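Visitor: need a structure here:
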Amino acid sequence: MIRCSHCSNEYSLIKFIPRFVPGENYADSFGFQWNRHRKTQLDSFSGLDISKRRVEDATAWPADLSGQCILEAGSGAGRFTEVLVKTGAEIYSFDYSTAVDANYLNNGHNKNLHLFQGDIFKIPFAPESFDKVICLGVIQHTPDPAQAFASLAKQVKPGGELVIDVYRDDLLARLQWKYLLRPFTKRIEQQKLYRLIARLAPTLVPVARVLRKIAGRAGARLVPIVEFSYLGLSAELNMEWAILDTFDMLSPEYDLPQSLETVQSWFAREGFVDVNVRNGLNGVVGKGVKPAVG
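Guide: Predicted coordinates for the structure are as follows:
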């Protein structure tokens, strides 16, 4: 156990990771998938720079951030953590789920990484503690994305940056299979749903690849599975990604995409400046600076 010096509350320390949340919560499906696919999306495992490019596209941060403190919210198995620790900054990374266990196994050897299991709505740090805060692919999976954003914004120091990306809310996005199927599939027991997807993937992935060649992204969306051969993945790894990401689409308790205008309004409400909200590699990307004091 660990004890808070300010409030005297006690928290569990399990597998070297402080736990500030209950063992079971709405993010359980993510803990299941990331511990099962611990290495699948790591650049060091694929031999590609897919995660690195996504971080660089969203942040445009320099390669060397030594001397800075960065908060990463919603780390999953650590695909972006692996990129962030290489900047030399002190990285404080958390997830609501037991995916932090996978991240520890992947990245825990880095002395500049500090992992904990925590709640995005109750981040256990004083306000304005971090030079940079980053949250990729997570906010839409919380019960209140606007409040999740506000909680992250509070952690940014004056003059610091906040970077997020979130699923895009538009007509094309809403036509995806997941928004038709997920109200039913999220009620299926996780292991049963995973086994079902794993059985269907060898049949559906080749169909999706052919349809992508014929009709591009729209063609690939005609089947209820995702595949990533266009990223340069090997056939075996493409199948792993397909199973992982299809489960990721169909299992979450919450999936609340947001429009460009809504994300823009979040930054405005928190008083951020130099705001840039645009379409990015995984939906809507938003970046802004908290005004310096004085």
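Visitor: now the strands for the chain?
Guide: 2-3, 10-14, 17-19, 69-73, 90-95, 113-117, 130-136, 156-166, 273-280, 283-289 (DSSP state E).
Visitor: make JSON lines from those and add distance to Val263 and mean neighbour count to it.
Guide: All C-beta spots, glycine's among them, are computed from the backbone N, C-alpha and C. Converted to JSON lines, the strands of the chain look like this (distance: least, C-beta to C-beta, whole Å; neighbours: other C-beta atoms under 10 Å):
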{"stretch": "strand 2-3", "distance to Val263": "36", "mean neighbour count": "12"}
{"stretch": "strand 10-14", "distance to Val263": "33", "mean neighbour count": "13"}
{"stretch": "strand 17-19", "distance to Val263": "31", "mean neighbour count": "18"}
{"stretch": "strand 69-73", "distance to Val263": "15", "mean neighbour count": "24"}
{"stretch": "strand 90-95", "distance to Val263": "22", "mean neighbour count": "25"}
{"stretch": "strand 113-117", "distance to Val263": "27", "mean neighbour count": "22"}
{"stretch": "strand 130-136", "distance to Val263": "12", "mean neighbour count": "24"}
{"stretch": "strand 156-166", "distance to Val263": "6", "mean neighbour count": "22"}
{"stretch": "strand 273-280", "distance to Val263": "5", "mean neighbour count": "14"}
{"stretch": "strand 283-289", "distance to Val263": "5", "mean neighbour count": "23"}
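Visitor: which one of those strands has the poorest average confidence?
Guide: Of all the strands of the chain, mean pLDDT reaches its minimum on strand 2-3 (a mean of 60).
Visitor: now distance to Tyr230 too, for the strands of the chain, in TSV please.
Guide: Shown next, in TSV, are the strands of the chain (distance: least, C-beta to C-beta, whole Å):
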stretch	distance to Tyr230
strand 2-3	45
strand 10-14	39
strand 17-19	36
strand 69-73	27
strand 90-95	28
strand 113-117	31
strand 130-136	20
strand 156-166	19
strand 273-280	17
strand 283-289	17
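Visitor: tell me which of the ones you listed lies nearest to Asp144.
Guide: With distances scored as C-beta to C-beta, the stretch of the strands of the chain nearest to Asp144 is strand 156-166 (12.8 Å).
Visitor: for the closest one, packing partners?
Guide: Other elements packing on strand 156-166 under the criterion 3 or more C-beta pairs under 8 Å, 6 or more residues apart in numbering; DSSP states H and E are helix 50-59, strand 130-136, helix 145-154, helix 260-269, strand 283-289.
Visitor: relative to Ser234, which of the strands of the chain is closest?
Guide: With C-beta to C-beta as the measure, strand 130-136 is the member of the strands of the chain nearest Ser234 (24.2 Å).
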